[in-house]
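**Q** 3D model of this:
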Amino acid sequence: MASRTPTTRPRGAATAEVDAQPGAPPNVETDAATSATANQQGGRVPPGCTLSWQAGSVVLEGWTDPTPPHPAWVHDDRIRALRAPALAYRDVFADLHRRHERGELTLTDNARAYTSPGLRLLGDRSPRDYQTAAVAAWEQGGRNGQIVLPTGAGKSFVAHLVMARVDRATLIVVPTIDLMDQWHSSTRTAFGRDDIGLLGGGSHDIQPVTITTYDSAWIHAERYGNRFGLVIFDECHHLPGPSYQQAARAMIAPFRLGLTATPERQDGREIDNEEVIGPIVYRLGIRDLAGDFLADYDVERITVHLTEDELETYTDARQTWLAFTRSNGIRFDRPDGWARFLQLSARSREGRRAMRAYRVQRQLALTCSNKLHVVERLLDQHAGDRTIVFTNDNDTVYALSRRLLIPAITHQTPTAERRTILERFRDGTWPCVVTSRVLNEGVDVPEASVAIVLSGSGAVREHVQRLGRILRRTGDKRATLYELISSNTVEQHVSDRRREHDAYR
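**A** I've put the predicted structure just below:
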């Protein structure tokens, strides 16, 4: 079932650009001139106010009342004018426009530098019911908010629907260069336009529709933050954090859309997105769409045993680690638990022994030798099926790649090589690929039908993302995810924790 939060609007209840209808923004300068003439005939000339853009903020000149017109304004003595963060543009503009309509002032808006580029979707692709409902919920939320849909549900098509509906210069912000390239290709195809800009990865081409990375958006927000009326944050669970949040606050875009399959974060900071994007306005999960719009799937947890030597080594290492943490009162159920362990382990010989012991017991739990045998058996069982093997670390990726003679992708893999591997994986030349975390999100491999999770973190998001890689529906495929767990180790508790998502129930 879809769940919709109340359609409260972020940053106040002002309607973006005065109206929420697609088309050209209101001509404030023309309206202001008309109001000025009427008031001159009545014997009073209203004050003339000018909005301008200045490096991530908006400036108001010409306001003479000691009390600012809106709480977002702060007097800047350096320029003898009022200043507000760019994020407040939607609200402060609407407030000034209302005053302008009442004849209290004339308003010239030089802050906004974006256009209506005439975005029209090509082709006859019809949105699915839930995609139409998602766009409607976003509009009812004041054209601000987050849409949560599982991987493979067509989030990019939802974004294209929104872009066509709003028709404003658009900035699409993504976490990786791979995703930037994917969005660039799909957006050019969707709108039949060659003038889709790229900002990042060696490109610096600003167009009315531009794709950028979170890092590049942060670097250039104060320069280009007034050039876009709509900003789309893909995989918006990446946005919380000082730098990226700063970039979001330095953009004037009155229309904002966040897209993700997994909004929750371990640090709980997903709540920060409500201020800079808006609340979750529409949400569906994997179970809601499986079988109809996503592939049916099975999840199988396979328990493997450590060898006698491995179990003895694991037990000794774990006892060493536990003795140190307990004697020092380190609690890993507290936010500072891991940080305290890192600090104390570096201060003594016993601490360094505990750190080595921690690494030994963890590595044995994640990659015991019997796990590798099971991977070989599963690859034989699914010979010909497109299979992704996921591990927790790059060392294991390369070890498996050498042992099984299958291509590997990590964050160290050059872009051209990664592209070649994925192309040959998609066309079946190479039916299997092994990776760490770099393919957890943002890679479109609809042909993949089998995932083998050799090792991973306890994060629910990571596990759901890995499942999502094999759920894009093609034909009548049925997907299978195997989770390999070392028995009698801490990995069993980690597995239980990351399987709390309803996709695994």
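**Q** those helices in the stretch 401-505 of the chain, which residues are they?
**A** 415-426, 460-468, 491-498 (DSSP state H, counting those that start in this stretch).
**Q** Including mean pLDDT, mean neighbour count and distance to Glu222, could the ones you listed go into JSON lines?
**A** (Each C-beta comes from the backbone N, C-alpha and C, glycine too.) Formatted as JSON lines, the helices of the stretch 401-505 of the chain follow (pLDDT from 0 to 100; neighbours: other Cβ atoms under 10 Å; distance: least, Cβ to Cβ, whole Å):
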{"stretch": "helix 415-426", "mean pLDDT": "88", "mean neighbour count": "15", "distance to Glu222": "28"}
{"stretch": "helix 460-468", "mean pLDDT": "81", "mean neighbour count": "22", "distance to Glu222": "30"}
{"stretch": "helix 491-498", "mean pLDDT": "73", "mean neighbour count": "16", "distance to Glu222": "39"}
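**Q** among the ones you listed, which is nearest Leu378?
**A** helix 460-468 (15.0 Å; Cβ to Cβ).
**Q** would you put the C-alpha positions of that closest one in CSV?
**A** The C-alpha coordinates for helix 460-468 follow below in CSV (Å, rounded to 0.1, in the frame of the first residue of the first chain):
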residue,chain,number,x,y,z
VAL,A,460,19.4,-2.6,6.1
ARG,A,461,19.9,-0.1,3.2
GLU,A,462,22.8,-2.0,1.8
HIS,A,463,20.9,-5.3,1.8
VAL,A,464,17.8,-3.8,0.2
GLN,A,465,20.0,-2.1,-2.4
ARG,A,466,21.7,-5.4,-3.3
LEU,A,467,18.3,-7.1,-3.6
GLY,A,468,17.2,-4.3,-5.8
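**Q** which secondary structure elements does it contact?
**A** helix 286-289, strand 450-453, helix 491-498 (3 or more Cβ pairs under 8 Å, 6 or more residues apart in numbering; DSSP states H and E).
**Q** rerun at 7 Å
**A** For helix 460-468, the elements it packs on are strand 450-453, judged by 3 or more Cβ pairs under 7 Å, 6 or more residues apart in numbering; DSSP states H and E.
**Q** List the pairing partners of the strand it packs on within its sheet, with orientation.
**A** strand 387-390 (parallel), strand 478-486 (parallel) (DSSP bridges).
**Q** Using neighbour counts, pick out the buried residues of that strand.
**A** 450-453 (16 or more other Cβ atoms under 10 Å).
**Q** Among the strands paired with strand 450-453, which comes closest to Asn328?
**A** strand 478-486 (26.6 Å).
**Q** Just want the angle from the closest one to helix 491-498.
**A** Calculated by axes from the mean of the first three to the mean of the last three Cα atoms, to 10 degrees, strand 478-486 forms an angle of 140 degrees with helix 491-498.
**Q** about what we covered before: want to throw the buried residues of strand 450-453 into TSV with distance to Ser401 and pLDDT?
**A** Listed next are the buried residues of strand 450-453 as TSV, based on distance: Cβ to Cβ, whole Å; pLDDT from 0 to 100:
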residue	distance to Ser401	pLDDT
Val450	17	94
Ala451	17	92
Ile452	14	93
Val453	17	91
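**Q** residue ranges for the helices of the stretch 1-150 of the chain, please.
**A** Going by DSSP H, counting those that start in this stretch, the stretch 1-150 of the chain shows helices at 28-41, 89-101, 129-140.
**Q** quick revisit: nearest to Ile271, out of the helices of the stretch 401-505 of the chain?
**A** helix 460-468 (15.7 Å).
**Q** just to revisit the earlier point, out of the strands paired with strand 450-453, the one nearest Arg340 is which?
**A** Comparing these by Cβ to Cβ, strand 478-486 comes nearest, at 26.6 Å.
**Q** Next, the buried residues of that closest one.
**A** Neighbour-count burial for strand 478-486 [16+ other Cβ under 10 Å]: 479-486.
**Q** Contacts for it next, please.
**A** Strand 478-486 is contacted from outside by 295-304, 306, 365, 368, 371, 374, 378, 449-454, 467, 470-471, 491-492, 495, using Cβ atoms under 7 Å, 6 or more residues apart in numbering.
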